[in-house]
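Chemist: coordinates only, no sequence provided:
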């Protein structure tokens, strides 16, 4: 019995990722989209079919903060839209998530990072995750950052059970009315200075539920996120890479210039 289990274990190979800064995801992963010039009819058709309004026709753009990464636009017009496997798409500014025909990488605007974040949290960052009406998909991906594959805890970044033990909050979900007050209470319980991260298209823009009367996004009228992470759901490497840049443990420029 033990011998058989050892054979199965060996067949799995090594799951541990030695260097999180050098990960390359499979080609089938839908990461950063690339747009090419197309005729007005094609652009208008893509804009009209997008369920979240992520695509605009004039000018031709794609807002990753609204995008569900379903890939339907790329299937409909592969000459105009294609998804790369680039997971380095987290941003410090909301506007940097909007992709144009000239976009070939997503900038990490370091000027938007508050100086106290890398100064205080470069070696240890504890986060409290709040599912504000999420569907558990992004939540599961965030949980995966601490598993044996990614082991993000080796850099001191971990999720904790109480906001009193946290340095910041990670919000998932569109922020339903029932969770709006709870989110504010949790945020207030985290001591200053604190980090605010939104993960997933629903958290960034409301996603499919942006126009719902059951969504209350007034929290963002008073609090500006330090990181905007697109994805539906957000892949663990999107989260890891962006946080590493936020706390000063990595520089996106070192990878995009290769």
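Modeler: Right, received. Where do you want to start? As the structure is a prediction and not an experimental result, all values here were calculated from the model.
Chemist: quick one, what contacts residue 230?
Modeler: 64, 65, 67, 69, 89, 90, 97, 200, 201, 204, 238 (CB atoms under 8 Å, 6 or more residues apart in numbering). No exception for glycine: its C-beta is placed from N, CA and C like everyone else's.
Chemist: what about the last one, how many residues close to it?
Modeler: Applying other CB atoms under 10 Å, we find 25 residues neighbouring residue 238.
Chemist: does it sit in a helix, a strand or a coil?
Modeler: Assigned by DSSP: H, G, I helix; E, B strand; the rest coil, the conformation of residue 238 is helix.
Chemist: excluding sequence neighbours, find me the nearest residue to it.
Modeler: residue 87 (5.0 Å; CB to CB, 6 or more residues apart in numbering).
Chemist: same deal with the fourth one?
Modeler: Residue nearest to residue 69 in three dimensions, not counting chain neighbours: residue 30, with 4.6 Å by CB to CB, 6+ apart.
Chemist: list the residues that contact the one you found.
Modeler: Contacts for residue 30 (CB under 8 Å, 6+ apart) come out as 69, 71, 83, 85.
Chemist: tell me which element it falls in.
Modeler: Using DSSP states H and E, residue 30 sits in no helix or strand.
Chemist: ok, now how distant is it from residue 102?
Modeler: 20 Å (CB to CB, to the nearest Å).
Chemist: still on that earlier bit, now the contacts of residue 230 in a markdown table, with pLDDT?
Modeler: Shown next, in a markdown table, are the contacts of residue 230 (pLDDT from 0 to 100):
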| residue | pLDDT |
| --- | --- |
| 64 | 98 |
| 65 | 98 |
| 67 | 98 |
| 69 | 98 |
| 89 | 98 |
| 90 | 98 |
| 97 | 98 |
| 200 | 98 |
| 201 | 97 |
| 204 | 98 |
| 238 | 98 |
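Chemist: could you list which of the residues you listed belong to strands?
Modeler: Among these, no member falls in strands (criterion: DSSP state E).
Chemist: with distance to residue 222 as extra columns, can I get these in a markdown table?
Modeler: What follows is these, written out as a markdown table (distance: CB to CB, whole Å):
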| residue | distance to residue 222 |
| --- | --- |
| 64 | 24 |
| 65 | 19 |
| 67 | 26 |
| 69 | 29 |
| 89 | 26 |
| 90 | 22 |
| 97 | 21 |
| 200 | 21 |
| 201 | 22 |
| 204 | 17 |
| 238 | 26 |
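Chemist: nearest to residue 54 among those residues?
Modeler: residue 67 (4.3 Å; CB to CB).
Chemist: now, among the contacts of residue 30, which is nearest to residue 22?
Modeler: residue 85 (14.1 Å).
Chemist: which residues of the protein fall in strands?
Modeler: 33-35, 55-56, 61-63, 81-83, 98-99, 125-131, 157-159, 168-172, 195-199, 227-229.
Chemist: closest to residue 138 out of these?
Modeler: strand 168-172 (4.4 Å).
Chemist: tell me the mean pLDDT for that closest one?
Modeler: In this model, strand 168-172 has an average pLDDT of 98.
Chemist: quick one, helices of the stretch 51-200 of the chain?
Modeler: Remark: helices assigned in the stretch 51-200 of the chain by DSSP state H, counting those that start in this stretch are 72-76, 116-121, 137-144, 177-189.
Chemist: which helices and strands does the third one pack with?
Modeler: Counting contacts by 3 or more CB pairs under 8 Å, 6 or more residues apart in numbering; DSSP states H and E, helix 137-144 packs against strand 125-131, strand 168-172, helix 236-246.
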